[in-house]
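K.L.:
Everything below, folded, please.
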Amino acid sequence: QVQLVESGGGLVQAGDSLRLSCAASGRTISSYAMGWFRQAPGRERECVSAITWNSGRRYYGDSVRGRFTISRDNAKNTVSLQMNSLKPEDTAVYYCAASESYSDIRYRPDYWGQGTQVTVSS
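P.N.:
Down below sits the predicted model:
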């Protein structure tokens, strides 16, 4: 089992930056693909970014490409999401997720964190 705990959320103004972190425990995530998802009220959960086990490939959703950057530190068992130029429409609960397969990370992760709230005011 992999336990994931997100941190770094908060209330910011439009144009500000935030860095989300996800700490894993239970087992090493060095062989897992990792992803960040978000869910806004009344909307479906969406994958905003994903990364392969060795950081060789990254995925970004259209709405965040160029503003968000995903990274990981396998030695520290962590994954991060740097969010720049935040917009009010980025307001959501952000979740960290892990999958044994990069092809599955966007659709059916194996593990989820509990989420962290990000609120961007205009």
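K.L.:
Is residue 113 in contact with residue 96, as I believe?
P.N.:
Yes. Counting by Cβ atoms under 8 Å, residue 96 is a contact partner of residue 113 at 4.1 Å. All C-beta spots, glycine's among them, are computed from the backbone N, C-alpha and C.
K.L.:
quick one, which of the two is more surrounded?
P.N.:
With neighbours defined as other Cβ atoms under 10 Å, residue 113 and residue 96 compare such that residue 96 has more, 29 against 22.
K.L.:
and the particular helix or strand that has the more buried one in it, average pLDDT?
P.N.:
According to DSSP states H and E, residue 96 maps onto strand 92-99. For strand 92-99, the mean per-residue pLDDT is 98.
K.L.:
now stretch 75-84
P.N.:
98.
K.L.:
Let me see the ranges of the helices in this structure.
P.N.:
For the chain, applying DSSP state H gives helices covering 102-105.
K.L.:
Quick check, central residue of it?
P.N.:
The centroid of the chain falls nearest to residue 36 when counting by Cα atoms, centre = their mean (2.2 Å).
K.L.:
how much space between that residue and residue 122?
P.N.:
Look at residue 36 and residue 122: by Cβ to Cβ, to the nearest Å, they are 23 Å apart.
K.L.:
go on, residue 56?
P.N.:
37 Å.
K.L.:
Identify the residues contacting residue 36.
P.N.:
20, 22, 47-50, 68, 70, 79, 81, 94-97 (Cβ atoms under 8 Å, 6 or more residues apart in numbering).
K.L.:
Tell me the one among the residues you listed nearest to residue 106.
P.N.:
Relative to residue 106, the closest of the contacts of residue 36 is residue 47; by Cβ to Cβ it sits at 4.3 Å.
K.L.:
What separation do you get for the closest one and residue 26?
P.N.:
22 Å.
K.L.:
Tell me what the closest residue to residue 96 other than its chain neighbours is bridged to.
P.N.:
Leaving aside its sequence neighbours, residue 96 sits nearest to residue 22 (Cβ to Cβ, 6 or more residues apart in numbering; 3.4 Å). For residue 22, the beta-bridge assignment (DSSP bridges) gives partners residue 6, residue 79.
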